[in-house]
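Asker: Using only what follows, build the 3D model:
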Amino acid sequence: MIRVLTIDDEPLALKLLEVYISRIPDVELVASCRSASAAQPHLGSVDAIFLDINMPDLSGMDFARSLENPPLVVFTTAYSEYALEGFKVNAVDYLLKPFSFEEFSAAVAKLRERLEQKRAAEMVRSSREVLYFKADYQNVKVEVGRIIYAESMGAYVKLYMIGEPRPLIILHSLKGLLDLLPAMRFLRIHKSYIVNTGYIESATRTSVRMKGGTTLTVGESYRAAFCEALDI
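Answerer: Numbers count the residues shown, from 1 in each chain. So this is what the prediction gives:
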């Protein structure tokens, strides 16, 4: 699922984007905003922005430049002279108003491709990361990419890892561990479990089967986020 935000000071332009988005099953509209300032609270929960350039309080171009870790951006504007400047800020695409549904769909296809590349790069990066934990009265190095899943046991956590016959027991909380792990790859599915989504072999709304054959329960309070993340 691609979660998107639309920003345009023209209500009709926002309505057109809403209609187009509703016609593509894997795109979810999180919010429609009339200004860059109104969009700020939603930035952390979206993958991409459809962003107008000419707006009264802050131009879309300046807004995109101001973001330290921006979502992917597709500019929407009636002015073709901004195209080159748009690509200088690494925009995925540039839609010139009025644009057709076919042009919009092509921009979404580019978003999908860029997101897949981004997620693949994150998986490679996370597989090379190492963390250090207290275990058996010493600091133990753990390669993040080898963690299949983690299980809470009070003040300790069991780490089940590729190539290890027994779990590593570390002095840590499950919540604290989740804060250290790459968010795009690790997901909390239960008060007692964190899973590496790259090692999920099969899943339903209520359980996951991990590499190695272990089946874990998906907790009710985590189910909605789990199903959204795996698109099930």
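Asker: C-alpha from now on. contacts and neighbour counts both.
Answerer: Noted.
Asker: what is the mean pLDDT for the longest helix seen in the chain?
Answerer: Identified as the longest helix of the chain according to DSSP state H is helix 101-128. Average pLDDT, helix 101-128: 83.
Asker: Where does the closest residue in space to Arg34 that isn't next to it in sequence sit: helix, strand or coil?
Answerer: Leaving aside its sequence neighbours, Arg34 sits nearest to Asp9 (Cα to Cα, 6 or more residues apart in numbering; 4.3 Å). At Asp9 the chain is in coil, as set by DSSP: H, G, I helix; E, B strand; the rest coil.
Asker: Tell me which residues touch Asp9, please.
Answerer: 33-35, 52, 55-56 (Cα atoms under 8 Å, 6 or more residues apart in numbering).
Asker: run the last query once more with 7 Å
Answerer: Taking Cα atoms under 7 Å, 6 or more residues apart in numbering, we find Asp9 in contact with 34-35, 55.
Asker: Look up phi and psi at it.
Answerer: Per-residue torsions, Asp9: phi -80, psi 0 (degrees, to the nearest 10).
Asker: Rank the helices and strands of this structure by mean pLDDT and give me the bottom one.
Answerer: When each helix and strand of the chain is scored by mean pLDDT, DSSP states H and E, helix 83-88 comes last, with a mean of 56.
Asker: which residues does the residue lying farthest from the centre of the chain contact?
Answerer: Centroid-distance maximum for the chain: Tyr137 at 36.1 Å, with Cα atoms, centre = their mean. Not one residue lies near Tyr137 by Cα under 7 Å, 6+ apart.
Asker: any idea how far Leu171 is from it?
Answerer: 9 Å (Cα to Cα, to the nearest Å).
Asker: Counting neighbours, what do you get for the closest residue to Tyr79 other than its chain neighbours?
Answerer: Excluding the flanking residues, the one nearest Tyr79 by Cα to Cα, 6+ apart is Leu96, at 6.9 Å. For Leu96, the neighbour count with other Cα atoms under 10 Å is 16.
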